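Chemist: I need the structure of the sequence given here:
(one chain, ligands or ions: 3)
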Amino acid sequence: MLVTGLEILKKARAEGYGVGAFNTNNMEFTQAILEAAEEMKSPVILALSEGAMKYGGRALTRMVVALAQEARVPVAVHLDHGSSYESVLKALREGFTSVMIDKSHEDFETNVRETKRVVEAAHAVGVTVEAELGRLAGIEEHVAVDEKDALLTNPEEARIFMERTGADYLAVAIGTSHGAYKGKGRPFIDHPRLERIAALVPAPLVLHGASAVPQALVERFRAAGGEIGEASGIHPEDIKKAIALGIAKINTDTDLRLAFTALVRETLGKNPKEFDPRKYLGPAREAVKEVVKSRMELFGSVGKA
Ligand SMILES: O=C(COP(=O)(O)O)N(O)CCCCOP(=O)(O)O
Ligand code: NA
Ligand SMILES: [Zn+2]
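Modeler: Numbers count the residues shown, from 1 in each chain. Ligands and ions are numbered 1, 2, ... in the order given. Prediction:
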């Protein structure tokens, strides 16, 4: 059933588990994510970026919202990294039940003002809001404290920000970053900082850039003809620790892209004569589903629907 993001995330933070927010741009990803959620009896968040909205348009948004309504588990449909008030309004019009306004690159007062404006519009139509404070950036552990403070989320600022904006959940910067390279070796995650934020912010917390980028998957991608440089993701133990400290929403996109693309390359490579898209998109869909199921197990959301 289609529910708001807060309905899913409030329970998750209260009960100490995480819920995956998985990005989709097409039918196969959407099916894979929802099938995984139903099989694992797990709540789930279907996330569409502005790039996905541009790529899929109404075909994508109508499908995602309709399938979320029919799902046998709680599903929120979420605008990921909304960059403007207008973009948020479009998502609200499409029936989304969660929207992110990401003004984390602006100064504090601008972020507060813009986020507050979105909260008023979204709450007026029963939709909940994710905001962001701090800069998603891989941080070397030894980096100077003042540099960390300049980039990562400041706990006291986070408290004030959430009180002044009324946002429902907060994306925090604690050392993660988007994409397939998140830092040398095991990326540094500032758990003590997360603990301080969580003590001051009772709202569910969000972790962006949380993909694991598992070496086995990177190797499979390369073996199938993919080219990728040094790759590293967030260690599973760091995800579990972050959930125990208050992270309730965990964004995963890169792992799904790598799995899907590795399988398409593999299937096409093995069957040069094949030109029925179902024959190479189907196996790729299954690979995405397996990644989603394993993420749900790591997050602890299995059986929580
Ligand atoms: O936090 C994340 C994903 O983190 P990850 O890269 O670790 O999976 N996200 O918010 C997903 C970002 C998706 C960007 O999509 P476009 O290319 O359409 O702009
Ligand atoms: Na988001
Ligand atoms: Zn993100």
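
Chemist: can you pull the contacts of E94?
Modeler: Residues near E94 by Cβ atoms under 8 Å, 6 or more residues apart in numbering: R58, T61, R62, V65. Quick note: C-beta positions are derived from backbone N, CA and C, even for glycine.

Chemist: cutoff 10 Å now
Modeler: Contacts of E94 were listed using Cβ atoms under 10 Å, 6 or more residues apart in numbering, and they are L48, M53, G57, R58, L60, T61, R62, V64, V65, V77, L79.

Chemist: burial count for the nearest residue to N25 once chain neighbours are set aside?
Modeler: The shortest distance from N25 to any residue that is not its chain neighbour, by Cβ to Cβ, 6 or more residues apart in numbering, is 4.5 Å, and that residue is A52. The burial metric for A52, expressed as a neighbour count using other Cβ atoms under 10 Å, is 22.

Chemist: ok so A52 is a strand residue?
Modeler: No. When DSSP: H, G, I helix; E, B strand; the rest coil is applied, A52 is found to be helix, with no strand at that position.

Chemist: On the pLDDT front, check it for me.
Modeler: Predicted confidence (pLDDT) at A52: the value is 98.

Chemist: pretty sure it is touching V77, no?
Modeler: No. Because the distance of 11.3 Å does not satisfy Cβ atoms under 10 Å, A52 is recorded as not touching V77.

Chemist: List, one by one, the residues from the stretch 101-250 of the chain near ligand 1.
Modeler: Proximity of the stretch 101-250 of the chain to ligand 1 is confined to H178, G179, H208, G209, A210, S211 under the rule Cβ under 6 Å from any ligand atom.

Chemist: please redo it, this time with the cut-off set to 5 Å
Modeler: Contact residues of the stretch 101-250 of the chain with respect to ligand 1, defined by Cβ under 5 Å from any ligand atom, are listed as H178, G179, H208, G209, S211.

Chemist: Select, from those residues, the two members most distant in space.
Modeler: Across those, no pair lies farther apart than G179 and H208, at 10.8 Å, counting by Cβ to Cβ.

Chemist: What residues does the protein have near ligand 2?
Modeler: Proximity of the chain to ligand 2 is assessed by Cβ under 5 Å from the ion, with D80, M100 identified as the residues in range.

Chemist: Let me see the ranges of the helices in the chain.
Modeler: Remark: helices assigned in the chain by DSSP state H are 5-15, 27-39, 50-70, 85-93, 108-124, 145-151, 155-165, 191-200, 215-223, 236-244, 254-270, 277-299.

Chemist: hang on, the earlier thing: neighbour count for G179 and H208, which is higher?
Modeler: More neighbours surround H208 than the other of G179 and H208, with 26 against 15 (other Cβ under 10 Å).

Chemist: still on that earlier bit, who touches both of G179 and H208?
Modeler: Taking Cβ under 10 Å, 6+ apart as the contact criterion, the residues that touch both G179 and H208 are L136, D253.

Chemist: what sits against R117?
Modeler: With contact taken as Cβ under 10 Å, 6+ apart, R117 is in contact with Y85, V88, I101, K103, T165.

Chemist: Neighbour-wise, give me the winner out of the residues you listed.
Modeler: Within the contacts of R117, neighbour counts (other Cβ under 10 Å) peak at I101, which reaches 28 neighbours.

Chemist: For that residue, give the beta-bridge partners.
Modeler: When bridges are assigned using DSSP bridges, the partners listed for I101 are G82, A131.

Chemist: is it true that it touches V112?
Modeler: No. Using Cβ under 10 Å as the test, I101 is too far from V112 to be in contact (11.1 Å).
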